[in-house]
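1. what's the 3D shape of this:
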Amino acid sequence: SGKGILLGGTGDANRLDDYEEGTWTPQVYYQNSTDAGNATNITQTGRYTKIGNKVFVEFRLAWSITGSPATDNVGIKNLPFNGAAASNSFADMPCFIKGYTNPSTGGRGQLAITLPGANSNIAIFSDSNLIGNMGVVIGAGTHEIRFAFTYTTDQ
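-> Numbering: from 1, shown residues only. Below you'll find the predicted structure:
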């Protein structure tokens, strides 16, 4: 009584009356520090809704990178909440990046986003041949992604 409805656990983050919505500022993430320094965010808009321990995000991010990027992890950082322990580990969702052609398939821009892991607010790009390490594959130039996904948080 007085505790509300719980979804998937008994913590505060599992309460369905734990509701929040707002905006967030996505940024491109390059694990290699040189690449991070050579990347410039151009367009950064995002909205989120959190109900219990589920976070629904939508965003648009355009960025440019100069030089020859290293083989490093590339993705989206500053998600509004950290990922939950092990809840997102096997979730990859197809996405499209404007300004990139997938050499594995010859397809325009097809990659996947791996959801954030425990205590992380970063979602990494991957493809069927490389899990992460997409710096060289995506390459230099201007890129854009518009996407929406759901992930689980402990917060």
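2. mind checking the SS state of Gly37?
-> Put simply, Gly37 is helix when judged by DSSP: H, G, I helix; E, B strand; the rest coil.
3. in stretch 67-80, what's buried?
-> For stretch 67-80, a neighbour-count test (16 or more other C-beta atoms under 10 Å) marks 69, 72-80 as buried. In short, each C-beta sits where N, CA and C put it, glycine included.
4. what pLDDT, on average, does that stretch get?
-> The average pLDDT within stretch 67-80 is 93.
5. and if you look at stretch 21-37?
-> Here the average pLDDT along stretch 21-37 is 96.
6. Can I get it in PDB, CA atoms only?
-> Taking Å, rounded to 0.1, in the frame of the first residue of the first chain, the C-alpha atoms of stretch 21-37 are listed here in PDB:
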ATOM      1  CA  GLU A  21      10.800  13.500 -19.400                       C
ATOM      2  CA  GLY A  22      13.100  16.100 -20.800                       C
ATOM      3  CA  THR A  23      15.800  17.000 -23.300                       C
ATOM      4  CA  TRP A  24      19.400  15.800 -23.500                       C
ATOM      5  CA  THR A  25      22.400  16.700 -25.600                       C
ATOM      6  CA  PRO A  26      23.900  13.800 -27.500                       C
ATOM      7  CA  GLN A  27      27.600  14.000 -28.400                       C
ATOM      8  CA  VAL A  28      29.700  11.800 -30.600                       C
ATOM      9  CA  TYR A  29      32.000   9.500 -28.700                       C
ATOM     10  CA  TYR A  30      35.500   8.500 -29.900                       C
ATOM     11  CA  GLN A  31      37.500   6.300 -27.500                       C
ATOM     12  CA  ASN A  32      40.800   7.400 -29.000                       C
ATOM     13  CA  SER A  33      41.800  10.800 -27.500                       C
ATOM     14  CA  THR A  34      43.200  12.100 -30.800                       C
ATOM     15  CA  ASP A  35      40.000  11.300 -32.600                       C
ATOM     16  CA  ALA A  36      38.000  12.800 -29.800                       C
ATOM     17  CA  GLY A  37      39.900  16.000 -30.300                       C
END
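7. Tell me which residues of that stretch come out buried.
-> Buried-residue list, stretch 21-37, by 16+ other C-beta under 10 Å: 24, 26-32, 35-36.
8. Check which helix or strand Glu21 maps to.
-> Per DSSP states H and E, Glu21 falls inside strand 19-23.
9. Perfect, that will be all.
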